[in-house]
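K.L.:
sequence unavailable; structure follows:
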């Protein structure tokens, strides 16, 4: 019978003993404490000992001592994490990671009984795409969060109007240019996307009215049954020839129904998606859609967070990249 063994976490004391220096010297070297005149040979010896022993600093203790957790908490509405948002967050995480910060996306769902992450993580910065409620702001302050955006003290609100309207504007403009005059806006019956789908539909209606078109109705569809086939048939029978889709998955669902019904795309029905996800080119016929430069947008978000955290300069006089219409087979 083998003797049970236990694994002990390597401590700074172990590193100090291995390097032949004091515990304070280990702390100064590994924390890059400014104002310390430690010989380079000693620094190399300490880092080498830490690497050999597999030393990992106690992040909680370091945060307590420095008052910094190096965590950025992004509080999202209860949206599904779709391709466009994942790509955006991946790029932002890379930029923040290079600067020594961890980005933690978090959905703060109403009625959730678990403590909010700002209580357990003690983030250096909490951001959200929409203003926080007074209750949440009070809870963040009580948890020691010092930086919040939108700033509740200055009344500064992020302008997300372009993010909402730019894609629908391009979708409507493209269908109008291709000769379509009767349009419909299609979205899934997903309560998590209702708010954003409604806002995009409103933008599409406004654009259509500006072009002299009848404002498109909002049609909700369910990809899990054949109701979409009946809806697409009804659109065709009522001379609707253009579909503005909430995203590429909706566009693929509508396009699939049209193909099953024997309709020609884009002659009988033109469909334009949103986001330019991989399915847009995997699907047959390939989907026309709206593409966003998520890489640059994610980088800019990270730069803005670093500006709020450390006062780093923002990219001067460079407008955010706008979306582009990608014309493929469905239009």
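P.N.:
Everything's here; your move. Quick caveat, the model's predicted, so the values are computed rather than measured.
K.L.:
tell me the SS of the closest residue to residue 293 other than its chain neighbours?
P.N.:
In this structure, residue 293 finds its nearest non-sequential neighbour in residue 321, 4.2 Å apart by CB to CB, 6 or more residues apart in numbering. All C-beta spots, glycine's among them, are computed from the backbone N, C-alpha and C. With DSSP: H, G, I helix; E, B strand; the rest coil as the basis, residue 321 sits in coil.
K.L.:
list the contacts for residue 321?
P.N.:
Contacts for residue 321 (CB atoms under 8 Å, 6 or more residues apart in numbering) come out as 292, 293, 296, 297.
K.L.:
list the contacts for the nearest residue to residue 170 once chain neighbours are set aside?
P.N.:
Leaving aside its chain neighbours, residue 170 sits nearest to residue 325 (4.6 Å; criterion: CB to CB, 6+ apart). Taking CB under 8 Å, 6+ apart, we find residue 325 in contact with 170, 171, 173, 174, 272, 288, 289, 290, 291.
K.L.:
how close does the fourth one get to residue 272?
P.N.:
Noted for residue 174: a distance of 6 Å to residue 272, by CB to CB, to the nearest Å.
K.L.:
returning to that earlier point: over to the residue nearest to residue 170: give its phi and psi.
P.N.:
Per-residue torsions, residue 325: phi -80, psi 130 (degrees, to the nearest 10).
K.L.:
got a pLDDT number for it?
P.N.:
Turning to residue 325, the model gives it a pLDDT of 97.
K.L.:
list the helices and strands the host helix or strand of residue 218 packs on?
P.N.:
In the assignment (DSSP states H and E), residue 218 maps to strand 217-221. In terms of contacts (3 or more CB pairs under 8 Å, 6 or more residues apart in numbering; DSSP states H and E), strand 217-221 is packed against strand 183-188, helix 194-210, helix 227-237, helix 248-260.
K.L.:
how about the closest residue to residue 128 other than its chain neighbours, secondary structure?
P.N.:
Using CB to CB, 6+ apart and skipping residues adjacent in sequence, the residue nearest residue 128 is residue 75, 4.4 Å away. When classified by three-state DSSP, residue 75 comes out as strand.
K.L.:
ok, now which ones touch residue 75?
P.N.:
Residue 75 is in contact with 106, 107, 108, 118, 126, 127, 128, 132, counting by CB under 8 Å, 6+ apart.
K.L.:
among those residues, which lie within strands?
P.N.:
Among the contacts of residue 75, the ones falling in strands (DSSP state E) are 106, 107, 126, 127.
K.L.:
in ChimeraX, how would I select the buried members of the residues you listed?
P.N.:
Listed next is the ChimeraX selection for buried residues among these, using 16 or more other CB atoms under 10 Å:
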select :106,126,127
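K.L.:
dump the ones in strands among the contacts of residue 75 to CSV, plus pLDDT and distance to residue 28.
P.N.:
Formatted as CSV, those follow (pLDDT from 0 to 100; distance: CB to CB, whole Å):
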residue, pLDDT, distance to residue 28
106, 87, 34
107, 83, 40
126, 93, 31
127, 89, 33
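K.L.:
now the helix or strand hosting residue 96: buried residues?
P.N.:
Element membership for residue 96 (DSSP H and E) is helix 83-98. Of all the residues in helix 83-98, those buried under the rule 16+ other CB under 10 Å are 83, 84, 85, 87, 88, 89, 91, 92, 93, 95, 96.
K.L.:
on contacts alone, who are the packing partners of that helix?
P.N.:
Helix 83-98 packs on strand 71-76, strand 102-107, helix 294-310, going by 3+ CB pairs under 8 Å, 6+ apart.
K.L.:
quick one, grab the pLDDT at the residue nearest to residue 293.
P.N.:
Reported pLDDT for residue 321: 77.
K.L.:
i'd like the first residue to be 539 from this point on
P.N.:
All right, first residue 539 from here; so that's residue 859.
K.L.:
now it. Its backbone dihedrals?
P.N.:
phi -70, psi 140.
K.L.:
please report the distance of it from residue 737.
P.N.:
For residue 859, the distance to residue 737 - CB to CB - is 21 Å.
K.L.:
I'd guessed residue 709 sits against residue 743; true?
P.N.:
No. If you go by CB atoms under 8 Å, residue 709 and residue 743 don't touch, sitting 11.9 Å apart.
K.L.:
the two: which has the busier surroundings?
P.N.:
residue 709 (33 against 21; other CB atoms under 10 Å).
K.L.:
and the more buried one, what does it touch?
P.N.:
742, 782, 783, 810, 812, 828, 863.
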